[in-house]
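Visitor: Sequence plus the predicted model coming up.
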Amino acid sequence: MQTTLARLLQIFIRTLACALPALALAACSTSSEDSGSGPVTTANAGANQSVLESTVVTLTGSGTSPGGTVTYAWSQTGGPAVTINNASMAVANFMAPDVTIGAPANLTFQLSVSDGTTSAVDGVVVTVQEPQPVVTVSGIVSYEFVPPLPNCSQLDFTSIQTRPIRGATVQLLDANDLTNVLQTATASDTGAYSFPNVNANSMVRVRVRAELKRPGFPTWDVDVRDNFLPGETDNDPLNPPSIPEGSRALYVLEGPDFDTGSLDVVHSPTATTGWDGASYSGPRAAAPFAILDAIYSGIQFVLTAHPTAIFTPMDAFWSVNNTIGTSFDVAAGQMPTSFYSSGADSLYLLGDASLDTEEFDDHVIMHEWGHYFEDNFSRSDSIGGPHTLGQSLDARLAWGEGWATAFGAMTLNDPLYCDTRAVGSPNGFSLDVEIDGFGFQGWYNEVSVATLLYDLWDSADDGTDNMSLGFGLIFDTMVGPQRVTPAWATIHTFAAELRPMLDPAQAAFLDSQLVRESINVPDPSTVDIWASTENNDRSGARDALPLYIDYTADGSTINVCVNNDLDNEVGGNKLAEYRYLRLTIPATDTYNVVIDATTIPTPTADPNDRDQSDPDMYIQRDGNIVAFGVGADDNNETFTTQSTLFAGNTYVADIHDWRFEDFDVDGAPPGYPDTPNSDMCFDITMTATP
C-alpha cells in the first residue's frame with residue numbers, strides 16, 4: 001500500500017511539472033510506471049514548431065499502452081489562449097493568434113494519453129511569428145573543382161571538390177523582369193552573400209557573375225568571358241567580328257527562380273562540372289569560376305606584399321570551343337596554346353575537352369597570370385614563341401617563363417605544376433619546381449630560373465635551400481629596380497638587383513641557389529645586370545657569351561654573329577639566336593643604323609623559302625623600345641632611329657635574323673627550318689645623322 005502511494009505521488013509531481021508554463025518550453029512526458037517495471041503507457045506530442053500568425057497549426061500526437069486502446073486529451077498550458085479543435089483526438093489543430101513583429105509568442109500544449117488505468121503526458125512548444133514584410137536572402141555560392149591525377153596525365157573526376165566562389169559579384173534579380181537587379185553583393189572568402197530587406201512573397205533569382213570588381217585601394221577588375229563567336233573569324237579584315245573581345249559574353253551562374261516567402265531564405269547555388277561520370281553531358285558551369293578563383297588567389301597573394309595594389313583591368317577568355325588550331329583565330333577558338341597577351345591584358349585558355357582544357361589546371365592559369373603580373377607590375381622583355389622544358393632559350397624568354405612558373409607555384413603554395421590532357425590521355429605533364437631538372441642548368445633554362453625563384457620564396461629546407469626570403473623582397477625587386485633596369489630583363493638583372501636588399505646571411509643564401517642552378521659560377525657574388533662575369537656557355541655553345549657586346553655608336557663597324565644550332569622547331573627564340581649590344585651614345589642625336597649580312601646564304605630553288613638573311617634590330621632604354629628596324633630587305637637592314645638617343649644614357653639593342661623563325665610556306669613538315677642549322681654574321685654601323 002505504501003509503494004502504491006509513492007508511485008502515485010511521483011506521477012502527480014511529474015504531471016504538475018509538465019503543466020507549469022515556466023517549464024513547458026521543453027517537451028516532457030510522464031508515464032504511469034517506472035521504466036524498470038515493464039511496459040508503460042507513453043505519450044508523444046510531436047516536435048516543437050515555428051509557425052506564422054493566423055495560420056492553422058496541426059498538433060500531431062501519438063501514444064501507446066500495454067492495456068490496448070488509449071484516449072487522447074490535448075490542453076494548452078501556456079501562452080495566448082487558443083481554441084483547440086479535435087482536442088480528444090491524436091491529431092488536433094488550432095488557429096495561431098496575432099502577434100507583434102519582433103515579439104513572437106510561445107504557446108505550450110500538453111498531450112495526455114490514457115488506457116483507463118495508466119496514463120502519460122508529453123509537452124510541445126509552438127512559436128508563433130508575425131509574417132515579415134521583408135526577408136533576408138542569403139547563402140553560399142560555390143563551384144566544383146576537379147583535381148589532377150597524381151601523375152598529372154588527366155583530371156580525376158572521382159575526387160571532385162566543392163570550393164567557394166570568392167570575391168565574385170552576386171545579384172538578386174526580379175524573376176519577372178531579369179533586367180531588374182534588386183540588389184548586388186560581393187561573395188566573401190567563404191562564398192557567403194546576403195541580401196537584406198527583400199520583399200516577402202516575391203519571385204526572385206540569384207545570379208553569380210564570373211567577375212571580380214573592387215574599386216578604391218586595392219582595386220581590381222577581372223572578367224571571364226567567352227571569346228568564341230560562331231561562324232565568325234578574326235582573320236577577315238573586310239568582315240571583322242561583330243562583338244569586340246572586351247564586350248563578349250560574360251559567364252554567369254543562373255540559379256532557379258524561387259519565392260522568398262515570409263521567412264528568411266537560404267539559397268546556395270553551386271556551379272557544377274557538367275560531368276556525368278563518363279563525359280560532359282551538361283553545361284560546364286564550374287569552368288569560368290575555377291578560372292576566376294585561381295586569379296583571385298593571385299590577387300590575394302600580391303596583396304600580402306602590397307595591400308593597396310592597383311591591378312590593371314583584365315579579361316580571361318575561355319570557351320569549350322578553344323582548341324589547338326593551325327591558325328591563330330580567337331573568334332573561331334583557334335590558338336597555338338593557352339597564352340597571355342600583353343597588348344590586351346588578357347588570358348586566353350584552352351577548353352576543348354577532347355584535347356586539352358585548362359580550367360582546372362590552376363598552375364597553367366596562374367602561369368599565364370604570372371605573365372600578367374610581370375607585364376603590369378614589373379617588366380617583361382620576353383620574346384615569346386614555342387618552347388619546351390629543358391631547352392636552352394634566349395635569356396629574356398627563360399626569365400619570363402621561369403618567373404611565371406615559379407609565381408604560380410608561390411600563389412598556390414604548391415611546387416607541382418600540372419598540365420592535364422583529355423580524359424583517357426596519358427600525355428599530360430608535370431614539373432615539380434622543388435626537385436625536377438630538365439636540360440642543361442643555367443641562365444638560359446626556364447626550369448633553372450623557376451627552381452631558383454621558388455626556392456628563394458619557399459620555407460622548405462632541402463639541401464642548400466635552407467632559408468626563405470618570402471615574397472616581400474621578391475616583390476620589391478620586381479616592381480622596383482627590375483622594372484627599370486638598363487639591361488634586358490633576365491635572371492641576372494633580378495639577382496643583381498635583389499642582392500643589395502639582402503643582409504649577409506640572405507645574400508649567402510642567394511649565392512648558394514645561383515650556384516645550385518649553375519648561374520654566374522664560380523663566384524655568384526659578382527653577379528651584375530650585364531652578366532659580365534657569367535661563364536656558363538652551355539658546354540661551348542656558339543655565340544652564347546658574352547651576353548652583351550659593347551659598341552660605341554661613332555660610325556665604327558662591329559661584326560656580330562647569331563646561330564640556330566639549338567633550335568629544332570623554327571621558334572627563333574633559342575640561345576644564340578639573338579645577340580645583345582650595350583650601346584654608348586657619344587652625342588645626342590638621331591642615328592642611322594646599317595646592318596649588312598657578311599655570311600650570305602646560298603639561294604634555293606624554292607621561291608617560297610626564306611633563303612636569304614633578314615636582320616632585325618630593336619633598341620631599348622630602361623624597358624621602353626625607342627627605335628627599331630624590321631624591314632624585309634634581303635641581307636640588309638637600314639633605318640634611322642625613330643627617337644633621339646641621348647649622350648650619357650645607356651641603351652641596349654638586340655640583333656636577330658628573322659630567317660630563323662620563318663617556316664617553309666609550301667608545306668614542309670612543321671618544326672623543321674627551311675635550311676640546316678647555320679650561323680649568320682652581320683656588320684653593324686651606327687652613325688649620328690648629318
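Guide: Happy to help now that I have it.

Visitor: make it CA atoms for all contacts and neighbour counts henceforth
Guide: OK.

Visitor: Let me see the domain layout of the chain.
Guide: 2-129, 548-688 (automatic domain parsing).

Visitor: Specify the stretch among these that is closest to Leu453.
Guide: domain 548-688 (20.8 Å; CA to CA).

Visitor: Now the closest one: average pLDDT?
Guide: For domain 548-688, mean pLDDT is 88.

Visitor: To Tyr454, which of the domains of the chain lies closest?
Guide: Here domain 548-688 is closest among the domains of the chain (CA to CA), at 23.2 Å.

Visitor: If you count contacts, what does the host helix or strand of Gly123 end up packed against?
Guide: Secondary structure from DSSP states H and E places Gly123 in strand 119-129. Of the remaining helices and strands, those touching strand 119-129 by 3 or more CA pairs under 8 Å, 6 or more residues apart in numbering; DSSP states H and E are helix 2-19, strand 29-30, strand 42-44, strand 49-52, strand 105-114.

Visitor: which of these has the lowest average pLDDT?
Guide: Looking at those, the bottom one is helix 2-19 with a mean of 38.

Visitor: OK, contacts around the residue lying closest to Ala395 once chain neighbours are set aside?
Guide: Distance criterion CA to CA, 6 or more residues apart in numbering; nearest residue to Ala395, sequence neighbours excluded, is Tyr444 at 5.0 Å. By CA atoms under 8 Å, 6 or more residues apart in numbering, Tyr444 lies in contact with Ser392, Leu393, Asp394, Ala395, Ala398, Trp399, Leu575.

Visitor: if you set the cut-off to 6 Å instead, what comes out?
Guide: Ser392, Leu393, Ala395, Ala398 (CA atoms under 6 Å, 6 or more residues apart in numbering).

Visitor: Go ahead and confirm the last one touches Glu446.
Guide: Yes. With contacts defined as CA atoms under 6 Å, Ala398 counts as touching Glu446 at a distance of 4.3 Å.

Visitor: So for those two, which residue has more residues nearby?
Guide: Neighbours were counted for Ala398 and for Glu446 using other CA atoms under 10 Å; Glu446 has more, 34 against 30.

Visitor: surely that one meets Leu397?
Guide: No. Using CA under 6 Å, Glu446 is not in contact with Leu397, being 7.7 Å away.

Visitor: can you count the residues close to the residue nearest to Leu545 when sequence neighbours are not counted?
Guide: What sits nearest to Leu545 in space, not counting adjacent residues and going by CA to CA, 6+ apart, is Asp537, at 6.1 Å. Neighbour count of Asp537, defined by other CA under 10 Å: 17.

Visitor: Against Ile243, how distant is Asp537?
Guide: According to CA to CA, to the nearest Å, Asp537 and Ile243 sit 49 Å apart.

Visitor: what does Ala290 give?
Guide: 25 Å.

Visitor: Thr118 too?
Guide: 82 Å.

Visitor: So which of these two has more stuff around it?
Guide: Shown here are Thr118 and Ile243; by other CA under 10 Å, Thr118 has more neighbours (17 against 13).

Visitor: Point to the helix or strand of the chain where mean pLDDT is at its lowest.
Guide: Ranking every helix and strand in the chain by mean pLDDT, DSSP states H and E puts helix 2-19 at the bottom, with a mean of 38.
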